[in-house]
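A.B. asks: this is a predicted model, with the sequence first.
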Amino acid sequence: MSVGFIGAGQLAHALVKGFAAAGVIATQRIMASSPDTDLPTVAGLRRMGANLTTSNKEVVNNSDVLFLAVKPHIIPFVLDEIGPDIEDRHLIVSCAAGVTISSIEKKLLQYRPCPKVMRCMTNTPVVVREGATVYATGTHAQVEDGKLLEQLMASVGFCTEVEEDLIDAVTGLSGSGPAYAFTALDALADGGVKMGLPRRLAVRLGAQALLGAAKMLLDSELHPGQLKDNVCSPGGATIHALHVMESGGFRSLLINAVEASCIRTRELQFLADQEKISPAAIKKTTLDKVLQQGSPVNTDRPDIQTSSR
Amino acid sequence: MGVNLTTSNKEVVQNSDVLFLAVKPHIIPFVLDEIGPDIEDRHLIVSCAAGVTISSIEKKLLQYRQSPKVMRCMTNTPVVVREGATVYATGTHAEVEDGRLLEQLMASVGYCTEVEEDLIDAVTGLSGSGPAYAFTAVEALADGGVKMGLPRRLAVRLGAQALLGAAKMLLESDMHPGQLKDNVCSPGGATIHALHVMESGGFRSLLINAVEASCIRTRELQFLADQEKISPAAIKKTTLDKVLQQPGVGTGVGVRSGISLFNNNHPRNKK
């Protein structure tokens, strides 16, 4: 089985690194495409032994499971380019936030009767095999396709199937979640440094405390509130700290964050469903490189209307 | 788990080589007076009590032995899943091998490193209390997920997994947390929108405040402990009675108004 990535950015790099560490697939059987060969992630993928190309078509021809790992607004453009090259064997897995299965199927149905499409939302900790992934199954994908994807993604963290209409909320929570954690860890370390700790020790202790607490929660049947109670001794240091956090509306900020990320994801989905790519969204140099590959993309102005044939 | 249990502190002392003091800080002086006469040369006393200094413990034990081996550590509850964060400081009479022994024990359940004793209060504020900050955060993240339509169990699972994965990435990377954050914020994307609302609410500042508040409270507890008095209000009469009934516990250990446990007139003072 071969795995291909359209796009060689952060997501492709993280997934390939995780898959390689898990030993679930050999990197020689992985190919990724990118018009920009200067990206640091491209160099990283090469170092890991993955095959790199500037041709999306070449990736399609060399893979069975095809991950779409480009930004959401590029997806329709890519689908029009690779549509004619999709075969029955291909399982298309879109990782693009806010891009619906139906929008992908609609495009690909112009080229094949039964395109097998799945949609997933993962996150960057797949790179250390502690990712959080959910996926939804499209109209023509079979149960075995879901099992195959789950096998791949479970090798790099938690993976479960969900109803597609939950994926935006998952984006807000575990898709964006690592950024909330990195911000928190930076701030916790600042707190430690303020109270006298050297920076490296502060970062180490903060990260270890979060990791340990998260693991306790995952391994326990107890409610997070109960676990919190268990570490707050009467009149102690911890309950004093929690009070100042609550006074500042700490919990509310995190609810706001999940909501804001989810709402933005839905906005991106809406924009993608418009099915027009403004010329402003793609660099001319990138477009030129793609056109040189020989794809049948209609570039009449004023809009690059990619849903027409 | 197969551990031996007893109501007698003395029995624990007699049956151990490494002795952890795992009681609340205000109980420590009381315990030290009770077990002081039973400490032998072999004993390594490890205090886990927040805010209780090595010198206060050594001062007490010096009434009973010349060179009590004392260490102080600050750990946290994720030791239970072997992902704890522990620091320790070494007392006057403890040797390098004693430090290695403690480190071997504590490193089996997580991260462990030696520090200067005067950093321990700050460590308490950060990794001692840290798990509580994390549990609160996961509960709030799960609330956010539920608000946007996720079932509760899935929301808790995804929130905890996201925190765990991010923490692991940081521990295994040489990159600055800010760089790791940048790497997950795609232009105009969902994540940077979320970060903006967090920053608008002073999210980072709340966590700095928390570490500071916990550290300051730890120093307050240390100060109170150094007063060397236990108010009768701090110990239940029934608990005290049970202790006094133990064989070998002197009746001089009593709770009158303003009991001073560093009173040189203590009947068991060998000086």
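C.D. replies: Structure's in. What do you need? Residues are numbered from 1 along each chain as shown, chains lettered A, B, ... in the order given.
A.B. asks: separation between the residue in the stretch 1-150 of chain A that chain B sits nearest to and B:G159?
C.D. replies: Nearest to chain B in the stretch 1-150 of chain A, going by Cβ to the nearest Cβ, is A:P125, at a distance of 2.5 Å. Just so you know, the C-beta spots here come from the backbone N, C-alpha and C atoms, and that holds for glycine as well. Distance of A:P125 to B:G159, given as Cβ to Cβ, to the nearest Å: 13 Å.
A.B. asks: ok, A:V258 next?
C.D. replies: 9 Å.
A.B. asks: now for the two: what residues contact both?
C.D. replies: Residues touching both A:V258 and B:G159 (Cβ atoms under 8 Å, 6 or more residues apart in numbering or on different chains): A:173, B:141, B:145.
A.B. asks: which of these fall in helices?
C.D. replies: B:141, B:145 (DSSP state H).
A.B. asks: among the shared contacts of A:V258 and B:G159, who's most crowded?
C.D. replies: A:L173 (37 neighbours; other Cβ atoms under 10 Å in any protein chain shown).
A.B. asks: once you drop chain neighbours, what's closest to that one?
C.D. replies: B:G145 (4.3 Å; Cβ to Cβ, 6 or more residues apart in numbering or on different chains).
A.B. asks: work out which residue lies at the spatial centre of chain A.
C.D. replies: Nearest to the mean C-alpha position of chain A, by Cα atoms, centre = their mean, lies A:T122 at 4.2 Å.
A.B. asks: I'd say that one and A:M153 touch.
C.D. replies: Yes. Counting by Cβ atoms under 8 Å, A:M153 is a contact partner of A:T122 at 6.6 Å.
A.B. asks: contacts only, for A:A132.
C.D. replies: Applying Cβ under 8 Å, 6+ apart, the residues near A:A132 are A:122-123, A:125, A:157-158, A:174, A:177, B:157-158, B:161-162, B:165.
A.B. asks: got those residues as a markdown table, with pLDDT columns?
C.D. replies: Shown next, in a markdown table, are the contacts of A:A132 (pLDDT from 0 to 100):
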| residue | pLDDT |
| --- | --- |
| A:T122 | 96 |
| A:N123 | 95 |
| A:P125 | 97 |
| A:G157 | 97 |
| A:F158 | 98 |
| A:S174 | 98 |
| A:G177 | 98 |
| B:R157 | 98 |
| B:L158 | 98 |
| B:Q161 | 98 |
| B:A162 | 98 |
| B:G165 | 98 |
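A.B. asks: quick one, domains of chain A?
C.D. replies: Domain assignment for chain A by the TED database gives A:3-167, A:171-257.
A.B. asks: how far off centre is the longest one?
C.D. replies: Domain A:3-167 has its average C-alpha position 10 Å from the chain's average C-alpha position, going by Cα atoms, centre = their mean, to the nearest Å.
A.B. asks: likewise the last one?
C.D. replies: In terms of Cα atoms, centre = their mean, the gap separating the centre of domain A:171-257 from the centre of its chain is 24 Å.
A.B. asks: identify the bridge partners of A:A132.
C.D. replies: A:F158 (DSSP bridges).
A.B. asks: likewise A:T53?
C.D. replies: Beta bridges link A:T53 to A:S33 when assigned by DSSP bridges.
A.B. asks: that one contacts A:T37, doesn't it?
C.D. replies: No. Proximity of A:T53 to A:T37 does not meet the contact threshold set by Cβ under 8 Å, at 9.6 Å.
A.B. asks: tell me the contacts of A:S103?
C.D. replies: Applying Cβ under 8 Å, 6+ apart to A:S103 gives the contacts A:75-76, A:272-273, A:275.
A.B. asks: swap in A:K17?
C.D. replies: Shown in contact with A:K17 (Cβ under 8 Å, 6+ apart): A:44, A:48, A:126-127.
A.B. asks: repeat that for A:T27.
C.D. replies: For A:T27, the contacting residues are A:16, A:19-20, A:48-50, by Cβ under 8 Å, 6+ apart.
A.B. asks: ditto for A:G138
C.D. replies: If you count contacts by Cβ under 8 Å, 6+ apart, then A:G138 has A:101, A:104-105, A:115-119 around it.
A.B. asks: next one: phi and psi at it?
C.D. replies: With angles defined as degrees, to the nearest 10, A:G138 sits at phi -80, psi 180.
A.B. asks: so who does A:V127 touch?
C.D. replies: A:13-15, A:17-18, B:169.
A.B. asks: report the two of those separated the most.
C.D. replies: A:L15 and B:M169 (13.8 Å; Cβ to Cβ).
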